[in-house]
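Peer 1: here are the coordinates; sequence isn't available:
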């Protein structure tokens, strides 16, 4: 079985267990995760989320902020504006 097949076969229960193990740094048995195990579990969690969950449910998701353009809402970055030179 390759890694893609393995990731496709992660159930929601396995996903929750892997996510919890990463959060706590230990398995349900109480054994600590090694650095490599934690990294592998985190990769599996991220891959599962990418395949099965909407972006706003992904680990580390930060909602985008609305962009405000210089000059107010009626101006967009595509609009050409003349440069006004101020003489003193």
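Peer 2: Received, thanks. Computed from a prediction, not measured in an experiment: that's the story for all the values here.
Peer 1: quick one: buried residues of the helix ranked longest in the chain?
Peer 2: If each helix of the chain is counted by residues according to DSSP state H, the longest one is helix 35-52. Of the residues in helix 35-52, those buried under the neighbour-count criterion (16 or more other Cβ atoms under 10 Å) are 37, 41-42, 44-45, 47-49. For glycine as for every other residue, the C-beta is placed from the backbone atoms N, C-alpha and C.
Peer 1: Over to stretch 7-16?
Peer 2: By neighbour count, and taking 16+ other Cβ under 10 Å as the criterion, the buried residues in stretch 7-16 are 10, 15.
Peer 1: Other residues contacting that stretch?
Peer 2: Stretch 7-16 is contacted from outside by 18, 44-45, 47-49, 51-52, using Cβ atoms under 8 Å, 6 or more residues apart in numbering.
Peer 1: TSV for those residues, including distance to residue 66?
Peer 2: Conversion of the contacts of stretch 7-16 to TSV gives the following (distance: Cβ to Cβ, whole Å):
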residue	distance to residue 66
18	34
44	34
45	29
47	30
48	30
49	25
51	29
52	28
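Peer 1: Among these, which one lies nearest to residue 63?
Peer 2: The nearest member of these to residue 63, counting by Cβ to Cβ, is residue 49 at 15.7 Å.
Peer 1: Excluding chain neighbours, what is closest to that closest one?
Peer 2: Using Cβ to Cβ, 6 or more residues apart in numbering and skipping the chain neighbours, the partner closest in space to residue 49 is residue 58 (4.6 Å).
Peer 1: Tell me if I'm right that that neighbour and residue 46 touch.
Peer 2: Yes. Contact between residue 58 and residue 46 holds when scored by Cβ atoms under 8 Å: they sit 7.4 Å apart.
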